[in-house]
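sharing a model that was predicted from the sequence below.
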There are 2 protein chains.
Amino acid sequence: MNAEIIAVGSELLLGQIANTNAQYISARFAESGINVYYHTVIGDNKDRLLKTLETAESRSDLIVITGGLGPTKDDLTKETAAAHIGCSLSYDEKSLEAIEQYYIQVGKPMTDNNKKQALVLEGSHVLFNFYGMAPGMVTKKQGITYVLLPGPPREMKPMVANQLLPYLNTSNSNRLIYSKVMRFFGIGEAELESRIEDILDQQTNPTVAPLAEDGEVTLRITSSSADEETGQKLVNDMIHKLEQRVGEFCYGYDGHNLLYKTSELLDEKSLTIASAESLTAGLFSSELAAIPGASRYLLGSLTVYNNDMKEQVLGVSGSLLAQYGAVSRACAESMAIKAQERFSSDIGISFTGVAGPGDNNGIAEGTVWIGVSYKESVSSFMVTLKGDRNFKRIRAVKHGMYALIQLLEKDAGPFVSENK
Amino acid sequence: MNAEIIAVGSELLLGQIANTNAQYISARFAESGINVYYHTVIGDNKDRLLKTLETAESRSDLIVITGGLGPTKDDLTKETAAAHIGCSLSYDEKSLEAIEQYYIQVGKPMTDNNKKQALVLEGSHVLFNFYGMAPGMVTKKQGITYVLLPGPPREMKPMVANQLLPYLNTSNSNRLIYSKVMRFFGIGEAELESRIEDILDQQTNPTVAPLAEDGEVTLRITSSSADEETGQKLVNDMIHKLEQRVGEFCYGYDGHNLLYKTSELLDEKSLTIASAESLTAGLFSSELAAIPGASRYLLGSLTVYNNDMKEQVLGVSGSLLAQYGAVSRACAESMAIKAQERFSSDIGISFTGVAGPGDNNGIAEGTVWIGVSYKESVSSFMVTLKGDRNFKRIRAVKHGMYALIQLLEKDAGPFVSENK
């Protein structure tokens, strides 16, 4: 299948946002063995959409259009596509009902332009929008598959992953795509690639694709085969080979990223956690709370952003702060213990460091101490982080989660402190 | 001038990176009054680049190509463009010298493919690469201006800002572009547009462009004029007109978004703040800490994720929780007061709600109570939020910031509670 992605939206041509939709869809298509040859961006303009559709039809058999399904006058993707491929629009009852329900719930009148969002191409396969109002749709005409998707990424992404890809796979292909992701931490992308350079050079089936994001590195291993068993074997053999080379840095597989894995282990072992945060200011607990059911293991957190608060609210001793300063092993360990005490949790974790810009009382920007208190033991470690203020905070949280995973996986009997 | 941007690179079609180059160039062009009508992405493929160039020439008079200027075999933009527009390639002496110098400096031999990077279209205006090796270039043929730029953003961006734009402006335009952004909260995109529909329909100069993102809506007003004074007057008159229509929802201008504005007001008025967070679990304080200097006004936060913690760690009364539940006006107000007390801050803010998925003890998913305690008064309000778990948490934080901005802007003498 030769695919192309057309994004409709003047905000893209004005440079207000990047076309991350095309990136997301391309990545998912690549995993499914669908080749993408073109991305096009046009404004909210009927004539240019028509011309772009004509060009696309001359070279592609899967045409994905994102954006222009909303309630405003600018939104004309459906109307233009319907006129062009020669079909009418009709209401999707389920979507219409959901929109009506929403307005009843918030107690506001539903205007006609909102109702318009429930219109779909007659006879199309409807992709229900679980995160917004306008549904997506798939329709076929003269050997060409047209897909219309809403523009907002948080509506579009789950629709592609959970509805569009399964639909396209069952309806269009008889090669099975099987894919697994290996997740790494504590090794850079360049270093990882140089260690497996020969494997990357020789890859055919399965393919091995590295990707770095926010300091985590992943390898996606993808096979294409006639049956499931062969596909799985191809992938598993390659994973085995990679594990022998760089297995010590691999902490998980597939969607089980640092956050998910931390949450899963806490839940599995019925352990509770609380954090004391300075540098990260609640980012650790906020991240943990992103997973549904977090209340089972996340008891809470205390953000204490200056020394007075560390002393008065959290209970770190004033003399410790005076002697070692807030960015120190001693303070990190005390903060972790105090978090554990305050919330009566099984685990306490702490983050204290210099986010910058600039150093702090002679301690270099990027210096971060992370403390972990578990049962009767406390441990801590220092990392030196690079990047802007917020990248450092995000990285610090990831280091904390990585430390927790290591702790929980060995189910540390007595968790030996590094400095005791 | 009608421009289009062609990005060359298979990594874009595989979804490994987003086309942020097109975004950057589009934004800079918009500021300079150059209209961009198309973005196209193609792989490292000669035939598809040729076809894309032909299509571009039929509709645009400024064609910008990014990527494919590097040393590898895949890099074929220059060669393809030269053959297509009928000119030869020759070495740019300054670039060649810089590349040679680099290899002398690092003590490595310079290979021929590195030398190739110094080739430019004969007779073109060369844009020297201060951050890499391959220079950019501008050339004109039959009324069409062709611009070739290196792909790496950190090489391309300064080249566009410091060399390309001044060159295009002096050679092509004497119109000044002036633009301002109005920021709205508490009104949806559809509602905002319907209230100013006539203005949007009649817009010419200045233009008025709506954009919605994460529940904030903005309007960008852009004028094109011969002199600065006229340009500013056109924009300011339009803003005045829009303020009369929808001014009650406008909380700020330009880059001053909810987070920035909240931080700015707290800093300006030398007020300190602390939060008590359930639903948001530290997201409010973490967001506030994203701004450098946040320690001047952010004292801390307490995340209390279940009723026991709300009672034991924060100090909300057990009988209040038993009578009203955690997602209630009473609990939100008590949490805000307790945050203020615990951290001895000027302001306490609280977030409690049902993130979902699913309801909680009969309270509907998306129900959120936000409390604000300031000086001797406390107030609270309820919002009903839609979207996935995390979108609700982000939206809740924005509602909290919006409430703070309203409070701080009127510099509330006695801040009257809604229910007292």
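Arrived safely, thanks for sending. Numbering: from 1, shown residues only, chains lettered A, B, ... in the order given.

closest point of the stretch 151-300 of chain A to chain B, which residue?
Among all residues of the stretch 151-300 of chain A, residue A:282 sits closest to chain B, at 2.4 Å; criterion: Cβ to the nearest Cβ. C-beta here means a position set from N, CA and C on the backbone, and glycine is covered the same way.

the closest residue to that residue other than its chain neighbours and residue A:164: what is the separation?
Closest residue to residue A:282 apart from its sequence neighbours, by Cβ to Cβ, 6 or more residues apart in numbering or on different chains: residue B:282 at 2.4 Å. Distance of residue B:282 to residue A:164, given as Cβ to Cβ, to the nearest Å: 35 Å.

those two: who's more crowded?
residue B:282 (32 against 24; other Cβ atoms under 10 Å in any protein chain shown).

residues contacting that one?
Residues near residue B:282 by Cβ atoms under 8 Å, 6 or more residues apart in numbering or on different chains: A:277, A:281-286, A:289, A:301, A:303, B:301, B:303.

ok, 7 Å please
A:282-283, A:285-286, A:301, A:303, B:301, B:303 (Cβ atoms under 7 Å, 6 or more residues apart in numbering or on different chains).

and if you look at residue A:256?
A:183, A:264.

host element of it?
For residue A:256, there is no host helix or strand (DSSP states H and E).

so for it, what's the pLDDT?
Note on residue A:256: pLDDT of 87.

distance check, it against residue A:222.
For residue A:256, the distance to residue A:222 - Cβ to Cβ - is 18 Å.

ok, now residue A:346?
For residue A:346, the distance to residue A:222 - Cβ to Cβ - is 39 Å.

which one of those two has more residues nearby?
For residue A:346 and residue A:222, the more surrounded residue by other Cβ under 10 Å is residue A:222, and the numbers stand at 23 against 18.

on the three-state scheme, the more buried one is what?
Here residue A:222 is strand, with the state taken from DSSP: H, G, I helix; E, B strand; the rest coil.

can you report phi and psi for the spatially closest residue to it that is not a sequence neighbour?
Counting by Cβ to Cβ, 6+ apart, residue A:222 lies nearest to residue A:179, which is 4.1 Å off, once chain neighbours are set aside. Reported as degrees, to the nearest 10, the phi and psi values for residue A:179 are phi -150, psi 140.

which residues touch residue A:179?
Taking Cβ under 7 Å, 6+ apart, one finds A:31, A:220-222 in contact with residue A:179.

just give me the closest of those to residue A:330.
Nearest to residue A:330, judged by Cβ to Cβ, of those is residue A:220 at 42.4 Å.

which residues of the stretch 151-300 of chain A fall in helices?
Ranges of helices in the stretch 151-300 of chain A, per DSSP state H, counting those that start in this stretch, are A:153-159, A:165-172, A:189-195, A:197-202, A:228-246, A:258-268, A:283-288.

oops, could you answer that again for the stretch 301-420 of chain A instead?
Listed in chain order, the helices of the stretch 301-420 of chain A (DSSP H, counting those that start in this stretch) span A:307-309, A:318-324, A:329-343, A:389-409.

out of these, which gets nearest to residue B:340?
Nearest to residue B:340, of the helices of the stretch 301-420 of chain A and by Cβ to Cβ, is helix A:307-309 at 13.2 Å.

doesn't residue B:211 make contact with residue A:16?
Yes - judged on Cβ atoms under 7 Å, residue A:16 makes contact with residue B:211 at a distance of 5.6 Å.

for residue A:169, give its distance to residue B:136.
Plainly put, residue A:169 is 42 Å away from residue B:136 if you go by Cβ to Cβ.

ok, those two, which is more surrounded?
Remark: of residue A:169 and residue B:136, residue B:136 carries more neighbours, 25 against 16, as counted by other Cβ under 10 Å.

pLDDT score assigned to the more buried one?
In this model, residue B:136 carries a pLDDT of 97.

of all the helices of the stretch 151-300 of chain A, which one is nearest residue B:246?
Across the helices of the stretch 151-300 of chain A, closest to residue B:246 is helix A:153-159 (Cβ to Cβ), at 25.2 Å.

so which bits of that closest one are buried?
By neighbour count with 16 or more other Cβ atoms under 10 Å in any protein chain shown, helix A:153-159 contains the buried residues A:154-159.

and which of those residues is nearest residue A:58?
Taking those together and measuring to residue A:58 by Cβ to Cβ, the closest member is residue A:156, at 25.8 Å.

identify the bridge partners of the residue nearest to the closest one when sequence neighbours are not counted.
Nearest residue to residue A:156, sequence neighbours excluded (Cβ to Cβ, 6+ apart): residue A:149, at 5.0 Å. For residue A:149, the beta-bridge assignment (DSSP bridges) gives partners residue A:66.

so what's residue A:149 up against?
A:64, A:66, A:136, A:156, A:159-160.

the closest residue to residue A:192 other than its chain neighbours: what's it in contact with?
Leaving aside its sequence neighbours, residue A:192 sits nearest to residue A:217 (Cβ to Cβ, 6+ apart; 5.5 Å). Residues counted as contacts of residue A:217 (Cβ under 7 Å, 6+ apart) are A:184, A:187, A:189, A:192, A:210.

measure residue A:217 to residue A:209 for me?
11 Å.

residue A:397 now?
26 Å.

higher neighbour count, the two?
It is residue A:397, of residue A:397 and residue A:209, that has more neighbours when counted by other Cβ under 10 Å, with 28 against 19.

the nearest residue to the more buried one once chain neighbours are set aside: how many residues sit nearby?
Leaving aside its sequence neighbours, residue A:397 sits nearest to residue A:284 (Cβ to Cβ, 6+ apart; 4.9 Å). The number of residues packed around residue A:284, counting by other Cβ under 10 Å, is 34.

again, but for residue A:254
Neighbour tally, residue A:254, other Cβ under 10 Å: 13.

that one contacts residue A:181, correct?
Yes - here residue A:254 reaches residue A:181: they are 5.1 Å apart, a contact under Cβ under 7 Å.

quick one: contacts for residue A:246?
A:184, A:187, A:192, A:195-196 are the contacts of residue A:246 under Cβ under 7 Å, 6+ apart.

now with 10 Å, please.
Applying Cβ atoms under 10 Å, 6 or more residues apart in numbering or on different chains to residue A:246 gives the contacts A:182, A:184, A:187, A:191-192, A:195-196, A:199, A:217, A:219.
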